[in-house]
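In: Could you look at this predicted model? Sequence included:
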Amino acid sequence: MNMGIRDVIEKVSTIPGQGSILEQLDKLLRKQQRAHLFEMLEQVDNREVEKCPVVLYKSIPQNGMIEPALLRFLLPTWQGYDEVFWQALGDYIVLAVHRVTDVDYDRTRGKIKVLYFAKSKGRVKSPEHILKIIQRIAFLVGTEALPTDFTRFRRMAERRGQIGELSKEQAALIGAVIKFFPKV
């Protein structure tokens, strides 16, 4: 058995966690993936990264634990890139920043929006640091040093518009319409 998997299973059995065993394993494996991603990001040469400019043009800080922080970035060299690359960029942003609630992008204008809750400890602390992370990830995805396969971001996109994503008011409105107009 792979030593990393065995270590994860031992941690799951000794550390309290939320979710099923598979979800706990997923969390621990993603933590290892995050550490590996940061190792890759640190190895990228700064001169190479400058070829892929990223501009932070809007930053709204979070409101306690009520509203997440909002960051908007412009990636001018990414205008018109295919959705596969944008989704891979979103995947790696979710992995690196960790507590991301939503990532939305406009591939024709080369813009991406990130909603996240900042952590008081850890690697990711400021919008400027997130800018550097996104710039390095965009460079690695653009040069195909990071794979662009199916991962978490696409599952987030698939869940949009489902009952779990609706506000209480929207769900109540849908319930009322179904109750009063059952054959519509």
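Out: Yep, that arrived.
In: Next one: Gln32 from Pro147, what distance?
Out: Look at Gln32 and Pro147: by CB to CB, to the nearest Å, they are 16 Å apart. In short, each C-beta sits where N, CA and C put it, glycine included.
In: what's the offset of the host helix or strand of Arg136 from the middle of its chain?
Out: Using DSSP states H and E, Arg136 falls within helix 127-142. From the chain centre to the centre of helix 127-142 is a distance of 12 Å (CA atoms, centre = their mean, to the nearest Å).
In: And it, what does it pack against?
Out: helix 21-43, helix 46-49, strand 55-60, strand 69-74, helix 83-97, strand 111-116 (3 or more CB pairs under 8 Å, 6 or more residues apart in numbering; DSSP states H and E).
In: Would you mind finding the most buried of those?
Out: helix 83-97 (a mean of 22; mean count of other CB atoms under 10 Å).
In: going on from it, what's the next piece of helix or strand?
Out: strand 100-106.
In: That following strand to helix 83-97, inter-axis angle?
Out: 150 degrees (axes from the mean of the first three to the mean of the last three CA atoms, to 10 degrees).
In: Wait, Leu131 touches Leu56, no?
Out: Yes. Using CB atoms under 8 Å, Leu131 is in contact with Leu56, at 4.7 Å.
In: intersection of neighbour lists for those two?
Out: Shared contacts of Leu131 and Leu56, defined by CB atoms under 8 Å, 6 or more residues apart in numbering, are found at Leu71, Phe73.
In: Could you export the helices and strands packed on helix 127-142 as TSV, including mean pLDDT and distance to Ile137?
Out: Compiled in TSV, the helices and strands packed on helix 127-142 are given as follows (pLDDT from 0 to 100; distance: least, CB to CB, whole Å):
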stretch	mean pLDDT	distance to Ile137
helix 21-43	85	7
helix 46-49	91	10
strand 55-60	94	14
strand 69-74	96	11
helix 83-97	91	5
strand 111-116	95	11
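In: Cheers, nothing more for now.
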